[in-house]
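>>> Any chance you could fold what I've pasted below:
(one chain, ligands or ions: 2)
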Amino acid sequence: MSCCMTETPGNLSTIPTETDIAANRTAASGMADGGAPLEKIAIGTYVPPAKPSLIGLSRAEIAERLAAIGIPREQRRMRVQQLWHWMYVRGARTFAEMTSVSKDMRAELEKHVTVDRPEVVAEQISSDGTRKWLLRLPSGNDLEKPHEVECVYIPETDRGTLCVSSQVGCTLNCSFCHTGTQRLVRNLTAGEIVGQIMVARDRLNDWADRETPHGNRLVTNIVMMGMGEPLYNFDAVRDGLLIVADNEGIGISKRRITLSTSGVVPNIVRAGEEIGVMLAISLHAVRDELRDELVPLNRKYPIAELMQACRDYPAASNAKRITFEYVMLKGVNDSLEDARRLVKLLKGIHAKINLIPFNPWPGTRYECSDWDQIEKFSEYVFNAGYSSPVRTPRGRDILAACGQLKSETEKLSARERQALRAMAMTD
Ligand code: SAH
Ligand code: SF4
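Numbering: from 1, shown residues only. Ligands and ions are numbered 1, 2, ... in the order given. A predicted model of the protein is given here:
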C-alpha cells in the first residue's frame, strides 16, 4: 500500500485543537457524539502483483527499475524519457509496441515489469456518450470481497470530464453519501489513480496517434469526485495527479483538474502547495452543529478552520476560484437563512457554489429539496454575487452521481447521467 491509512491526516497538525482532541477521542472509540463513526480504519489490503506496472511511478522510480535490470547509468535518463513518452503520450499497452526501445531492453523489461492498467470488468455506454467503467483492483487475499472502483466519463461540447476515484470505499462516513456506507476501505496507489485515466483513454481511443472524432483529445478535464476522500490518500493522489499534469506525458493542465474534499484541513494547504490543482470543498452546511451530522469530519475540523484553510489555499490567490459543493437536503440545510449564512461565510473568498440536488439511495433518511426551494436558494446566492448553478433541465430529477459510486454493475440511468453532467461543470 502506498500510504498508511491508519495514520490519519489529523496527525499532521502541529498543535491539536480542543476539537481535535475531542474528535480523536471519539474516533478512537469508533463513534462520534452523534452516533456516526468519524473515520474508518482501512480493512482492505493490497499486495502488489509479482510483475509490477510502471504506470504511476515517478521518473526516478522508473530509473531505479532500469538500474535493477542492468541498464547503464548514462543511458537511464534517455530510456526513462522514451518509456514515459510511449506510456503517456502514445498509450502503449505492451513493451513490444515501443519500437524506439532496443529489442534486448524490451525483452528484459517484459521479464520484470508491465505497463498494465486496472482490469475493466464492466463498461456501460449511454446513447449520449457517457461511459462508466467498473475496475477490479488487486486485493490482499481471496477471502476479501473484490476491490472495485468506478470511473465515469462525461462528454460535453467543449470538454470531456473524467470522474476519478481515490479510494476503494471511503474513510469517512458522510450521512447522506452512499459510498460512506461501504465497509471496505483501502487507498488506491498512484498507479491505480493514473490507471483510471489510462483505461478511459484506451477505451475512448484517445491517444496521440489514434483518431479522435475532432482531432482533439476527448478526456480534457479530471475531477477527483469518485469514490473516496482524496486528502486521506494524499501521497498517492499527489503523485498520480502530478503524472497526469506532466506536460511531457498525459499533459492535462492543473487548471483542468479539480480535487474535491470533505475538509481535511491540514492537507488542504499542502494540496495547494504540492499539487496546485483546482479545489472543491464539500461544504453542505453552514452551522457546525448540522455539519457535524452531515460530514462528521467537521467534529475534527470545524467550519471556521475549514474556511481559513480555503483563504490560505495557495492556488486561490492565482485568480482561481474555489468551488463549494452544497447538497440540497429537504428541510435540513435548504432554508433562505442557510443561504444567507452561506453568503456571509464565503465573504472574501473567490468562490463559486455548486448546488447539488440530493441523490437518494435505498435506506437513506434524507430527501431532495423541492425544486422551488432549490431555485429560491440559488437565486439568493446569485443575487449576493456568487455563481450558483444548479445544472439541470429537469429540476428535482437531477442526481449527483459521483458521490454515489458504489461498485455495482448496473445501468447508468438517465437521471444519473444528468447528475454526472452537473458534477462535471466545475468551473
Ligand atoms: N470525498 C470527496 C469527493 C467525492 S464525493 C468529497 O466528499 O468531496 C463528490 C461529491 O458528491 C461531494 O461533494 C459529495 O458530498 C457529494 N455527494 C455524496 N453523496 C451525495 C448524494 N447522495 N447526493 C448528492 N451529492 C452527494
Ligand atoms: Fe467520503 Fe466524500 Fe462520501 Fe463523505 S461525501 S463519505 S468524504 S466520498
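>>> give the contact list for W86.
Listed by C-beta atoms under 8 Å, 6 or more residues apart in numbering, the contact set of W86 reads A92, E97, M98, S100, V101, V115. (Glycine included, C-beta is placed from N, CA and C.)
>>> again, only using 10 Å
Residues near W86 by C-beta atoms under 10 Å, 6 or more residues apart in numbering: L54, A92, R93, T94, F95, E97, M98, T99, S100, V101, V115.
>>> Mind checking if stretch 377-390 is in reach of ligand 1?
No: shown here: stretch 377-390 not in contact with ligand 1 (C-beta under 6 Å from any ligand atom), separated by at least 11.9 Å.
>>> picking up where we left off before, which pair of the contacts of W86 spans the longest distance?
Maximum pairwise distance among the contacts of W86 (C-beta to C-beta): 17.3 Å, between L54 and T99.
>>> The two - which one has more neighbours?
Set side by side, L54 and T99 show more neighbours around L54, with 22 against 10, by other C-beta atoms under 10 Å.
>>> got a pLDDT number for that one?
Looking at L54, its pLDDT reads 98.
>>> That one is in contact with L83, isn't it?
Yes: with contact defined as C-beta atoms under 10 Å, L54 reaches L83; the gap is 6.6 Å.
>>> any common contacting residues for those two?
Contacts common to L54 and L83, judged by C-beta under 10 Å, 6+ apart, are I62, R65, L66, F95, L109, V113, V115.
>>> of all the residues you listed, which comes closest to H284?
H284 lies nearest to V115 out of those, by C-beta to C-beta, at 39.8 Å.
>>> Please tell me how far the closest one sits from W86.
According to C-beta to C-beta, to the nearest Å, V115 stands 8 Å off from W86.
>>> Overlap in contacts, those two.
Common contact partners of V115 and W86 (C-beta under 10 Å, 6+ apart): L54, A92, R93, T94, F95, E97, M98.
>>> Close to ligand 2: what parts of the stretch 201-350 of the chain are there?
Residues of the stretch 201-350 of the chain lying close to ligand 2 by C-beta under 6 Å from any ligand atom are G228, E229, S262, S282.
>>> Tabulate those (a markdown table), appending secondary structure and neighbour count.
As requested, those are arranged in a markdown table below (DSSP: H, G, I helix; E, B strand; the rest coil; neighbours: other C-beta atoms under 10 Å):
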| residue | secondary structure | neighbour count |
| --- | --- | --- |
| G228 | coil | 28 |
| E229 | coil | 29 |
| S262 | coil | 27 |
| S282 | strand | 25 |
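>>> Including distance to E293, could those go into a markdown table?
Listed next are these as a markdown table, based on distance: C-beta to C-beta, whole Å:
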| residue | distance to E293 |
| --- | --- |
| G228 | 21 |
| E229 | 18 |
| S262 | 13 |
| S282 | 14 |
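>>> Pull the most distant pair out of those.
G228 and S282 (12.4 Å).
>>> Overlap of the contact sets of these two?
Going by C-beta under 10 Å, 6+ apart, residues that sit against G228 and also against S282 are L172.
>>> Now do the SS call for the residue nearest to R186 when sequence neighbours are not counted.
Nearest residue to R186, sequence neighbours excluded (C-beta to C-beta, 6 or more residues apart in numbering): G44, at 3.1 Å. The assignment at G44 comes out as coil when based on DSSP: H, G, I helix; E, B strand; the rest coil.
>>> list the contacts for the residue most central in space within the chain?
The residue lying closest to the centre of the chain (C-alpha atoms, centre = their mean) is M224, at 2.1 Å. Going by C-beta under 10 Å, 6+ apart, M224 touches 162-166, 193, 230-231, 233, 237, 240-241, 257-261, 271, 275, 277-278, 280, 402.
>>> quick one: which of the residues you listed sit in helices?
Judged by DSSP state H, helices contain the following of the contacts of M224: I193, V237, G240, L241, A271.
>>> how many neighbours does the closest residue to the last one other than its chain neighbours have?
Okay, so that is A271. For A271, ignoring the flanking residues on the chain, the nearest one in space by C-beta to C-beta, 6+ apart is L259 at 6.1 Å. Neighbour count for L259, taken as other C-beta under 10 Å: 25.
>>> For ligand 1, see how far away L259 is.
Going from L259 to ligand 1 by C-beta to the nearest ligand atom, to the nearest Å gives 8 Å.
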